[in-house]
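**Student:** build me a model:
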Amino acid sequence: MALSPGECQFYGVVAAPAPRRRLRFPVVPAARSERPPDPYGTDVLAAGARDRDPRRRPRVAAVPAEPGLVVECADSGWCGAVVGWDKGADGLAVVLADRRGRRRAFPLQPAGFRLDGTLVTLTRPVVPATRATARTASGSRAVQGQRARVARGSRIWVEGKHDAQLVEKIWGDDLRVEGVVVEELGGADLLAAAVRDFAPGPDRRLGVLLDHIVPGSKESRIAAEARRVAPTQVLILGHPYIDVWQAVRPAVAGIERWPSIPPAFEWKDGVCTALGWGADTGVAWQRLLARVHTYADLEPSLLGRVEELVDFVTATEANGNAGR
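**Tutor:** Here you go, the predicted model:
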């Protein structure tokens with residue numbers, strides 16, 4: 001039973017203090033940072049989500065600017081047909097001609113044109129590469145799928161091994177088609193006797209390539225004696241070089257010019273010494289020959305002589321004498 005305040009005082013009982021009222025304040029939620037709305041939504045792989053990205057440009061189709069294609073410049077509104085190409089300040093430009101024949105060049109900018117009202121990027125059409133005609137090392141048209149011809153009676157003679165290897169590398173394909181064999185003389189000192197043994201005739205022509213045929217040289221006198229054996233069936237030509245090495249252009253050999261070697265020294269040995277190519281002339285020649293790939297690597301004075309010899313020894317076929 002609860003006592004009143006007076007009764008508490010009469011009985012000497014201390015009354016409990018009155019309860020204090022608790023003040024309640026409104027709860028303010030903690031501030032949180034505002035995030036920009038996710039343009040992709042909750043599912044980044046959802047259909048159309050990426051298209052809603054304002055930072056992403058719409059895809060523009062690339063269209064080859066074929067001649068006659070009618071397009072409109074997106075910036076200026078100029079409308080015309082593709083009639084050609086030009087080099088503008090910013091690179092390649094397409095030339096458009098309107099219906100009145102006026103022409104203007106427009107740079108190939110991304111999304112720079114409209115085709116039937118749709119933005120497109122013009123590109124230069126890809127021109128299919130034409131198949132180049134196959135050429136031999138001598139520059140003549142290569143004959144495909146033809147076997148080497150049976151050797152004819154005519155021959156081409158050269159002085160030594162290096163001459164034969166150089167002729168084979170540049171003219172070998174042509175000579176196999178023509179059935180012409182290149183043989184080494186092993187020196188020109190006994191040329192007149194070798195010509196007599198060969199017995200030239202209408203179907204056995206002989207072409208001879210000699211080194212260093214210049215007025216007054218030993219080779220010139222040898223050639224004159226050999227020509228008297230069969231003047232019409234033998235053609236002896238020469239180049240002005242001491243050795244066939246010099247017929248290789250200096251730039252191909254990796255030098256500015258071929259060195260001058262005194263007559264008292266063997267020319268090839270002197271060249272190898274002067275150029276630091278080592279003492280083995282055979283190894284030096286193989287390195288030099290490996291640099292030769294086409295007729296453009298040789299001096300014209302040699303090219304003309306070999307071509308003339310090939311024409312001479314194959315002329316019997318034109319006269320109807322081949323194979324008799």
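
**Student:** contacts, neighbours, all on C-alpha from now
**Tutor:** Noted.

**Student:** pull up the pairing partners for the lengthiest strand in the chain, direction included.
**Tutor:** Criterion DSSP state E: the longest strand present in the chain is strand 79-88. If you go by DSSP bridges, strand 79-88 pairs up with strand 70-73 (antiparallel), strand 91-97 (antiparallel).

**Student:** got a list of contacts for the shortest one?
**Tutor:** If I follow you right, that is strand 70-73. By Cα atoms under 8 Å, 6 or more residues apart in numbering, the surrounding residues in contact with strand 70-73 are W78, C79, G80, A81, V82, F106, G112, F113, R114, L115, D116.

**Student:** phi and psi next, for the last one.
**Tutor:** Listed backbone geometry of D116 is phi 50, psi 40, with angles given as degrees, to the nearest 10.

**Student:** for it, the count of nearby residues, please.
**Tutor:** 10 (other Cα atoms under 10 Å).

**Student:** what about E219, neighbour count?
**Tutor:** When neighbours are counted by other Cα under 10 Å, E219 registers 18.

**Student:** who are the packing partners of the helix or strand containing V195?
**Tutor:** Assigned by DSSP states H and E, V195 belongs to helix 191-198. Secondary-structure packing of helix 191-198 (3 or more Cα pairs under 8 Å, 6 or more residues apart in numbering; DSSP states H and E): helix 218-227.

**Student:** again, 10 Å this time
**Tutor:** In terms of contacts (3 or more Cα pairs under 10 Å, 6 or more residues apart in numbering; DSSP states H and E), helix 191-198 is packed against strand 206-210, helix 218-227.

**Student:** between the shortest one and helix 191-198, how big is the angle?
**Tutor:** Using axes from the mean of the first three to the mean of the last three Cα atoms, to 10 degrees, the direction of strand 206-210 lies 160 degrees away from that of helix 191-198.

**Student:** name every strand pairing with strand 206-210 and say which way it goes.
**Tutor:** In its sheet, and by DSSP bridges, strand 206-210 pairs with strand 155-158 (parallel), strand 234-238 (parallel).

**Student:** list the buried residues for the shortest one?
**Tutor:** Taking 16 or more other Cα atoms under 10 Å as the basis for neighbour counts, the residues of strand 155-158 that come out buried are R155, I156, W157, V158.

**Student:** how far does that strand sit from the chain's center?
**Tutor:** Relative to the chain's own centre, strand 155-158 is displaced by 36 Å; criterion: Cα atoms, centre = their mean, to the nearest Å.

**Student:** following it, which helix or strand comes up?
**Tutor:** Next helix or strand after strand 155-158 toward the C-terminus (DSSP H and E): helix 161-178.

**Student:** check which helices and strands that next one sits against.
**Tutor:** strand 155-158, strand 181-184, strand 206-210, helix 281-290, helix 300-313.

**Student:** residues making contact with the first one?
**Tutor:** By Cα atoms under 10 Å, 6 or more residues apart in numbering, the list of residues contacting strand 155-158 from outside reads 163-165, 167, 175, 179-188, 191, 198, 200, 204-211, 234-236, 238, 306, 309-310, 312-314.

**Student:** in CSV: the helices and strands packed on helix 161-178, plus distance to S260 and mean pLDDT.
**Tutor:** Shown next, in CSV, are these (distance: least, Cα to Cα, whole Å; pLDDT from 0 to 100):
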stretch, distance to S260, mean pLDDT
strand 155-158, 24, 92
strand 181-184, 27, 90
strand 206-210, 20, 92
helix 281-290, 17, 94
helix 300-313, 19, 91
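
**Student:** give me whichever of those is most buried.
**Tutor:** Ranked by mean neighbour count under mean count of other Cα atoms under 10 Å, these are led by strand 206-210, which reaches a mean of 25.

**Student:** neighbours of P64, how many?
**Tutor:** Residues near P64, counting by other Cα under 10 Å: 14.

**Student:** report the beta-bridge partners for it.
**Tutor:** Beta-bridge partners, per DSSP bridges, of P64: T123.

**Student:** pretty sure it contacts V126?
**Tutor:** Yes. Using Cα atoms under 10 Å, P64 makes contact with V126 at a distance of 8.1 Å.

**Student:** winner for burial among the strands paired with strand 79-88?
**Tutor:** strand 70-73 (a mean of 21).

**Student:** give the buried residues for stretch 244-253.
**Tutor:** Buried-residue list, stretch 244-253, by 16+ other Cα under 10 Å: V244, W245, Q246, A247, V248, R249, P250, V252, A253.

**Student:** tell me the two of those residues that are most distant?
**Tutor:** Greatest spatial distance in those: V244 and V252, 14.0 Å, computed using Cα to Cα.

**Student:** mind putting the strands paired with strand 206-210 into CSV with distance to A134?
**Tutor:** Formatted as CSV, the strands paired with strand 206-210 follow (distance: least, Cα to Cα, whole Å):
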stretch, distance to A134
strand 155-158, 26
strand 234-238, 30
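
**Student:** so where is the stretch 1-150 of the chain shaky, pLDDT-wise?
**Tutor:** 1-58, 88-90, 127-133, 138-150 (pLDDT under 70).
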